[in-house]
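Trainee: build me a structure from this.
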Amino acid sequence: MNKQHNSFRLRLDETRQLVEERYWSNDPIEPLIHQYHLGIDKILSDIWDLHVPSTSLSALYAVGGYGRGELLPYSDIDLLVVSENLSEEKDQIENFLRDVFDLNLEVGHSVRDPKACRKEAKKDLTVATSMDERRFITGNEHISKTIEIALSDIEIWPNKNFFEAKLEEQKARHKHYDDSEYNLEPNVKASPGALRDIHTILWVCQKIYGTTNPNRLVNMEVITEQEREWLVRGRNFLWWVRFGLHLLTGRKEDRLTFSYQRELAARFSTNDTSDSQSLVEQFMQGYYRHAIAISEVN
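Mentor: Purely as a prediction, here's the structure:
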């Protein structure tokens, strides 16, 4: 088993190394993030197969940012295990989770039966949002239909209540960051005009319009073509910055401090100037343009 553990750790290291090399070569960020989350999916699927038989009544889902496919090198790996036979398969699931923890990933996890999924989603907006973002990884595919049925009659989060709750969440978060897109050292996930504003837009769209696809939202006349462009370009820019922060720090890092501004600006500048201050100013002007555009859509 130790040999298998080492094999999984080696694969994780290789996956990270590959995306890191591609990142510093300035490859497009969207396929890079996609490649990384698929690599993690495959490692987790293989660990699952070691412990959970194909005849089980359990399934593994990605939730949160991982569920959206928005996984960066040191992001949390948020997992949901749903089982219709939890009492019998508890040991198998625990063995799977033990091996995942041994990879030294930042793992958040919950293990529930379908009824508990429904109960927790009714009780907690964050859980309800997470359940909406779930993405099947491996296991019994029929569980997905069971979850849909369990969640289909939830009435505690009708559209109006959901929207108002998300709006209050956003107001509180913006207040924490001084209600300004122009923070000198912004948080690229949580500041106004940052990634969480995009998440909030898409959570509401999923709830009310049944999709988070920007192109479909344009076709439905929910957003304009210009707003779609602002969202996609802004998201990709923020992904690119956040990806770099993770690699520079070797950990989950969202704060774009002065030192990281200088390093990212210098690494990717196409300007011949040797004036580091000028490079940083150009880099941050680009950041603020995206933040203001995202806030406008929001």
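Trainee: from now on I want contacts and neighbour counts done on CA atoms only, so please keep to that.
Mentor: Fine.
Trainee: in contact with Asn215, which residues?
Mentor: Asn215 makes contact with Arg228 under the criterion Cα atoms under 8 Å, 6 or more residues apart in numbering.
Trainee: just the CA atoms of stretch 278-290, as PDB, please.
Mentor: Extracted as PDB, the C-alpha positions of stretch 278-290 are listed here (Å, rounded to 0.1, in the frame of the first residue of the first chain):
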ATOM      1  CA  SER A 278       6.000  51.400 -14.300                       C
ATOM      2  CA  LEU A 279       5.500  47.700 -15.000                       C
ATOM      3  CA  VAL A 280       3.500  47.300 -11.700                       C
ATOM      4  CA  GLU A 281       1.400  50.400 -12.500                       C
ATOM      5  CA  GLN A 282       0.500  49.000 -15.900                       C
ATOM      6  CA  PHE A 283      -0.300  45.600 -14.400                       C
ATOM      7  CA  MET A 284      -2.500  47.000 -11.700                       C
ATOM      8  CA  GLN A 285      -4.300  49.300 -14.100                       C
ATOM      9  CA  GLY A 286      -5.200  46.200 -16.000                       C
ATOM     10  CA  TYR A 287      -6.400  44.600 -12.800                       C
ATOM     11  CA  TYR A 288      -8.600  47.600 -11.900                       C
ATOM     12  CA  ARG A 289     -10.100  47.700 -15.400                       C
ATOM     13  CA  HIS A 290     -11.300  44.100 -15.100                       C
END
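Trainee: which other residues reach that stretch?
Mentor: Here stretch 278-290 makes contact (Cα under 8 Å, 6+ apart) with 181-182, 193, 230, 233-234, 237, 261-262, 265-266, 269, 271, 273.
Trainee: could you do stretch 111-124 as well?
Mentor: 80-86, 127-129, 131, 146-147, 150-151, 154-157.
Trainee: same question, stretch 237-249
Mentor: 20, 23, 29, 72-74, 188-189, 194-195, 252-256, 260, 264, 287, 290.
Trainee: got phi/psi on Pro53?
Mentor: As for Pro53, its main-chain torsions (degrees, to the nearest 10) stand at phi -70, psi 160.
Trainee: quick one: contacts for Glu227?
Mentor: Counting by Cα under 8 Å, 6+ apart, Glu227 makes contact with Val297.
Trainee: try 10 Å
Mentor: Residues counted as contacts of Glu227 (Cα atoms under 10 Å, 6 or more residues apart in numbering) are Pro214, Val218, Arg233, Ala293, Ile294, Glu296, Val297, Asn298.
Trainee: what's the ChimeraX syntax to select whichever of the contacts of stretch 237-249 are buried?
Mentor: Buried subset of those, written as a ChimeraX selection, criterion 16 or more other Cα atoms under 10 Å:
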select :20,23,29,72,73,74,188,189,194,195,252,253,254,255,256,260,264,287,290
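Trainee: out of the contacts of stretch 237-249, which sit inside helices?
Mentor: Taking DSSP state H as the definition of helices, these contribute Glu20, Tyr23, Ile29, Leu195, Tyr260, Leu264, Tyr287, His290.
Trainee: same list (these) but as CSV, adding distance to Glu168.
Mentor: Shown next, in CSV, are those (distance: Cα to Cα, whole Å):
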residue, distance to Glu168
Glu20, 37
Tyr23, 36
Ile29, 31
Leu195, 17
Tyr260, 31
Leu264, 34
Tyr287, 25
His290, 23
